[in-house]
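Colleague: All I have is the shape, not the residue letters:
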């Protein structure tokens, strides 16, 4: 009887147009039954309502009458998400040929700035007593997605040694990097100009023109790279070893592979005569050493020195015979 009365009350309420959902739930989201694999699941609040509740708690709309007023955590999180997405897209697009540092450094600075804003987003007063967006976004769960993404970007940037391609304040490429990239473009343009007739049979063609006309450009690029390596060994801004940035290293590796393997070119060494002379001198050092030792050593023949008594007795015997 009680169950039937309850069902009757519910039906009458629906017929009169009264909502049976909890107070404060948006009526536009009231259909309220999620379906999975054809089965109706129990009603649960949708994600926007949960986000609103979470944000309201962060803003201090809870039981505390005088909570601090922190920055908008949602705005900071959205800013980090957008900058991270742009940086990820740039890193993937610049992966081959490698152009990470020269193409993505402004976006990396945006990610670093947005992460700094999250880390400094704490309420006034004592940080341990304030509702901090940094604690909510960085340390409130086990996964810590924001922290993982930030560490990934920092590690990628450090392993690429992009600091060696940029100025001290990371506002742009350094002068040596710009000069190297200019020479690299000139060398690549020279290769392309001297490869007339297409690139269909590169392995069967004669690259005499490439080796002859592009030798000076290749030598200039190689000399600048060696100079940058020497300078970087003394003044390294990168944290992982003393390598140059990945953009410069990859460009030089590509150029060397084309020059030596594909085109089969070689740069004649200008120090060939001194190298041959030193090699011959080192090979003949043992011969010179032993010969000089033989000439300067005293080689004396053994001489028989007879005693005086034997000499006198011998002369006496000769006298007797006579």
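Modeller: Arrived safely, thanks for sending. The shown structure was predicted, so the numbers you read here are calculated from the model rather than taken from an experiment. Numbering: from 1, shown residues only.
Colleague: which SSE is the nearest residue to residue 150 once chain neighbours are set aside in?
Modeller: Nearest residue to residue 150, sequence neighbours excluded (CB to CB, 6 or more residues apart in numbering): residue 115, at 4.9 Å. Just so you know, the C-beta spots here come from the backbone N, C-alpha and C atoms, and that holds for glycine as well. Residue 115 is part of helix 100-119, with elements assigned from DSSP states H and E.
Colleague: quick one: buried residues of the following helix or strand past that helix?
Modeller: For helix 100-119, the succeeding helix or strand toward the C-terminus, using DSSP H and E, is helix 133-138. By neighbour count, with 16 or more other CB atoms under 10 Å as the criterion, the buried positions of helix 133-138 are 133, 134, 136, 137, 138.
Colleague: just stretch 166-185 next, same as before
Modeller: By neighbour count with 16+ other CB under 10 Å, stretch 166-185 contains the buried residues 166, 173, 174, 176, 177, 180, 181, 183, 184.
Colleague: Just the pLDDT at residue 63, thanks.
Modeller: At residue 63, the predicted lDDT confidence score is 50.
Colleague: now the strands for the chain?
Modeller: Ranges of strands in the chain, per DSSP state E, are 35-36, 39-40.
Colleague: what does the model give residue 140 for pLDDT?
Modeller: According to the prediction, residue 140 has pLDDT 78.
Colleague: show me what contacts it?
Modeller: Residues near residue 140 by CB atoms under 8 Å, 6 or more residues apart in numbering: none.
Colleague: do residue 160 as well
Modeller: With contacts defined as CB under 8 Å, 6+ apart, the neighbours of residue 160 are 100, 101, 245, 246.
Colleague: Pick the one among those closest to residue 88.
Modeller: Within the set of the contacts of residue 160, residue 100 lies nearest residue 88; the separation is 11.9 Å, counting by CB to CB.
Colleague: What lies in contact with stretch 181-192?
Modeller: Under the criterion CB under 8 Å, 6+ apart, residues 102, 173, 210, 213-214, 217-218, 220-221, 224, 247, 251-252, 255, 258, 263 lie in contact with stretch 181-192.
Colleague: try 7 Å this time
Modeller: Outside of stretch 181-192, the residues within contact range by CB atoms under 7 Å, 6 or more residues apart in numbering are 210, 213, 214, 217, 218, 220, 221, 224, 251, 255, 258.
Colleague: which of those residues count as buried?
Modeller: With neighbours counted by 16+ other CB under 10 Å, the contacts of stretch 181-192 contain buried members at 210, 214, 217, 218, 221, 224, 251, 255, 258.
Colleague: got a pLDDT number for the second one?
Modeller: Yep, that's residue 214 we're talking about. Per the predicted model, pLDDT is 96 at residue 214.
Colleague: Now do it against residue 248, distance only.
Modeller: Here residue 214 is placed at a distance of 19 Å from residue 248 (CB to CB, to the nearest Å).
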